[in-house]
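Engineer: Provided below for reference: sequence and predicted model.
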Protein chains: 2
Amino acid sequence: MFDKITIIGCGLIGSSLLRAVSKKKLSKQISVFDKSKEVLTFIKNNFSINVCNDINESVKNSDLVIISTPLSSYKEILLSIKSSLKKNVILTDTGSVKKEVHKVISNFNLKDIYWIASHPIAGTENSGPQAGFAELFEGRWCILSSEDQSQKQKIEILKNFWQSLGSKVKFMNFEDHDHVLSLTSHLPHAIAYSIVRTAINNDDKFKNDIIQYSGGGLRDFTRIAASDPIMWRDIFIDNSENILKVLDSFSQNLEEMKKAIQSKNSEKLIDIFTSTKKVRKEIIRTGQDTEKPDFGRK
Amino acid sequence: MFDKITIIGCGLIGSSLLRAVSKKKLSKQISVFDKSKEVLTFIKNNFSINVCNDINESVKNSDLVIISTPLSSYKEILLSIKSSLKKNVILTDTGSVKKEVHKVISNFNLKDIYWIASHPIAGTENSGPQAGFAELFEGRWCILSSEDQSQKQKIEILKNFWQSLGSKVKFMNFEDHDHVLSLTSHLPHAIAYSIVRTAINNDDKFKNDIIQYSGGGLRDFTRIAASDPIMWRDIFIDNSENILKVLDSFSQNLEEMKKAIQSKNSEKLIDIFTSTKKVRKEIIRTGQDTEKPDFGRK
């Protein structure tokens, strides 16, 4: 139980945190800051908590400060709050890239502040405080990263916090996190954006047909490609090194497939398709998805 | 109501047709052929219908013959059945590519046979007769293609057949079908295979982590990339011209995004992500998906 938790940024993730922390009564007091007046009004109208127009006020006396904003705003936020943070506060975030923000935060040389990064791997394609819900973190992974082993006790507190929200917690260093996520999340998103652009820009004459028959695969990509533009711009910029490497490797794989199609190399194509079928089995075996077929939505 | 329907090939689609036709009593007699002994045994054990070990026998006196096999087997099937087909039979299929098989079938110069292509845009990632179910076609599109306008009456019969299974029917010529489907279905599949190969082959050290955190986007691609290898080999070979064109255009779009990431071109990235968000809205507006967020499966 915390005395006070502060949530900075109240979109899909921040507002889900707010809902979950309230519902599970994890803190005596919750304070929320968002730079958008509309968001603050929504929070005021829908929750009986302390909404702050002043970011400094919002973090005062807080034991746990959670930054849930796009990555590009961390620096400005830190500049604003650094002198108002309580001694021994846990400072965390919910961002999808770690190495760059860790650099930014380390450069502040904050004293008596426990900076431990969090990445709850949870979300939907919708954005904004209306889109949040208390169950968002249940059964999801949350990856914690910290470079300072002296923080053990605080790491334990933060781990318990995420577990109270229903998450399964893992530890990973900043670099490994960014590498793994570039493959499991950033690559699929980069590709989804490119597919949707290809399908739609390509040929206006058939645009309506393409949308009409999108159930054959395209539709699922449009969902991924509908995620928040600012959030994804920041991810691509902050994790550019890993993402570019992974995209190059993807392009090589795609070229290999193109060649197999061009030469009608039946054996090679079967090889490719069989190897990916195995991965699926592995994902089901480890419980990351169910065997139940996805019949699609009508 | 047909007197006799023959289904050649009894995998996911063929066995779903069998289930749906039986359930809705659309034919007095149903005959099923499959070249696999295991499949025929499964059908014998689970359905009270006429299972044929002889493909010629299976099509005799049939009013509607449906080929539900991989595209590469059409020619052999046609060679086997052409002299046993009933006069004025409707010959159709369920394949995902049309121009090439239309050429193959036209070259047979069949007399008194009504060849009208069908493409039910329906399926799951599972294969085989165990995976089928009667409701597979409900609410799904089925595209019919025919070049011969004298077939009007027969087209109407086939249209009614698919509508009886719950499908919505549209007409498209062979070329347009292959172009539209290369964008809505074949491109997403080609990409999904390449993504999964990139994510898994790329870096064995992190293989377990990558599978563990696949919920962030990758998991959905593994589902698409688990579809039947033979079926997809045939699609890529039969529709190679369209698919290669579309893949080139995709690669151009991806290069554009890579450049924007490399140069940290914030404005360009936002442009890209905003344009794809609009497509999503269009797809929801036309009823191809719901607004309900996809929270993923645990």
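Structural biologist: Thanks, I have it. Numbering: from 1, shown residues only, chains lettered A, B, ... in the order given.

Engineer: measure the most centrally placed residue in chain A to B:Tyr213 for me?
Structural biologist: Taking Cα atoms, centre = their mean as the criterion, A:Ser96 is the residue nearest the geometric centre of chain A, at 4.4 Å. The gap separating A:Ser96 from B:Tyr213 is 11 Å, by Cβ to Cβ, to the nearest Å. C-beta coordinates here come from the backbone N, C-alpha and C atoms, glycine included.

Engineer: go ahead and confirm A:Leu247 touches A:Ala190.
Structural biologist: Yes: A:Leu247 is in contact with A:Ala190 according to Cβ atoms under 8 Å; the separation is 6.2 Å.

Engineer: show me what the helix or strand hosting A:Lys281 is packed against.
Structural biologist: When elements are assigned from DSSP states H and E, A:Lys281 belongs to helix A:266-285. The elements that helix A:266-285 packs onto, with contact taken as 3 or more Cβ pairs under 8 Å, 6 or more residues apart in numbering or on different chains; DSSP states H and E, are helix A:240-262, helix B:187-201, helix B:207-212, helix B:218-224, helix B:229-238.

Engineer: can you read off the pLDDT for A:Ser240?
Structural biologist: Turning to A:Ser240, the model gives it a pLDDT of 97.

Engineer: could you pull out the residues contacting both of A:Ser96 and B:Tyr213?
Structural biologist: By the contact definition Cβ atoms under 8 Å, 6 or more residues apart in numbering or on different chains, A:Ser96 and B:Tyr213 are jointly contacted by A:181, A:185.

Engineer: show me what contacts the nearest residue in space to A:Trp162 that is not next to it in sequence?
Structural biologist: Nearest residue to A:Trp162 in three dimensions, chain neighbours excluded: A:Cys142, at 4.3 Å (Cβ to Cβ, 6 or more residues apart in numbering or on different chains). Contacts were defined as Cβ under 8 Å, 6+ apart; by that measure A:Cys142 touches A:118-122, A:162, A:167-170.

Engineer: please repeat the previous calculation with a cut-off of 6 Å.
Structural biologist: Each residue near A:Cys142 by Cβ atoms under 6 Å, 6 or more residues apart in numbering or on different chains is listed here: A:118, A:120, A:162, A:167, A:169.

Engineer: next up, phi/psi of it, please.
Structural biologist: phi -130, psi 120 (degrees, to the nearest 10).

Engineer: if I look at it, how far off is A:Ile195?
Structural biologist: Where A:Ile195 is concerned, A:Cys142 sits at a distance of 29 Å (Cβ to Cβ).

Engineer: thinking again about what came up before, which of A:Leu247 and A:Ala190 has more residues huddled nearby?
Structural biologist: Using other Cβ atoms under 10 Å in any protein chain shown, the more surrounded residue of A:Leu247 and A:Ala190 is A:Ala190, with 27 against 22.

Engineer: all helices for the stretch 1-150 of chain A, in order.
Structural biologist: With DSSP state H, counting those that start in this stretch, the ranges of helices along the stretch 1-150 of chain A come out as A:12-23, A:37-46, A:55-59, A:74-81, A:99-107.

Engineer: buried sites along the last one?
Structural biologist: Under the neighbour-count criterion of 16 or more other Cβ atoms under 10 Å in any protein chain shown, helix A:99-107 has A:99-102, A:105 buried.

Engineer: neighbours of A:Ser15, how many?
Structural biologist: If you count neighbours by other Cβ under 10 Å, A:Ser15 ends up with 28.

Engineer: repeat for A:Ser214
Structural biologist: A:Ser214 is surrounded by 28 other residues when neighbours are defined as other Cβ under 10 Å.

Engineer: just the pLDDT for it.
Structural biologist: For A:Ser214, pLDDT reads 82.
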